[in-house]
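[1] here is my input, please return the structure:
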Amino acid sequence: MKTILGLILGSLVGWLIWGYFTSDFSGERFFMFLMGIITGYIIGRSNPKKKET
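    Numbering: from 1, shown residues only. Have a look, this model is predicted:
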């Protein structure tokens, strides 16, 4: 859970910095990016990789 919160916080800071320099604070793109992160995290957590031996 700590990693997903760090990823979301880092992406928020990156979005704010990018928006400051480009004057483009597109909330729609950021929301879609967050939904992709959360969906990927949930799927990855429910289907862990199997270790090859």
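
[2] let me see the contact set for the spatially most central residue of the chain.
    For the chain, the residue sitting closest to the mean C-alpha position, by CA atoms, centre = their mean, is I37 at 3.9 Å. By CB atoms under 8 Å, 6 or more residues apart in numbering, the contact set of I37 is I4, L7, I8, S11. C-beta: built from backbone N, CA, C; applies to glycine.

[3] please enumerate the helices of the protein.
    Residue ranges of the helices in the chain, as given by DSSP state H, are 2-22, 27-46.

[4] can you redo those as a markdown table with mean pLDDT?
    Formatted as a markdown table, those follow (pLDDT from 0 to 100):
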| stretch | mean pLDDT |
| --- | --- |
| helix 2-22 | 82 |
| helix 27-46 | 80 |
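
[5] can you give the distance of stretch 14-22 from its chain's centre?
    Its chain's C-alpha centre and that of stretch 14-22 lie 16 Å apart, by CA atoms, centre = their mean, to the nearest Å.

[6] neighbouring contacts of it?
    D24, F25, S26, F30, F33.

[7] of these, grab the buried ones for PyMOL.
    Command for PyMOL, covering only those of the contacts of stretch 14-22 found buried under the criterion 16 or more other CB atoms under 10 Å:
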select buried, resi 30
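
[8] quick check: the gap between K49 and I43.
    As for K49, its distance to I43 is 12 Å (criterion: CB to CB, to the nearest Å).

[9] so these two - more neighbours on which side?
    I43 (9 against 6; other CB atoms under 10 Å).

[10] returning to that earlier point: from the contacts of I37, which two are the most distant?
    I4 and S11 (10.7 Å; CB to CB).
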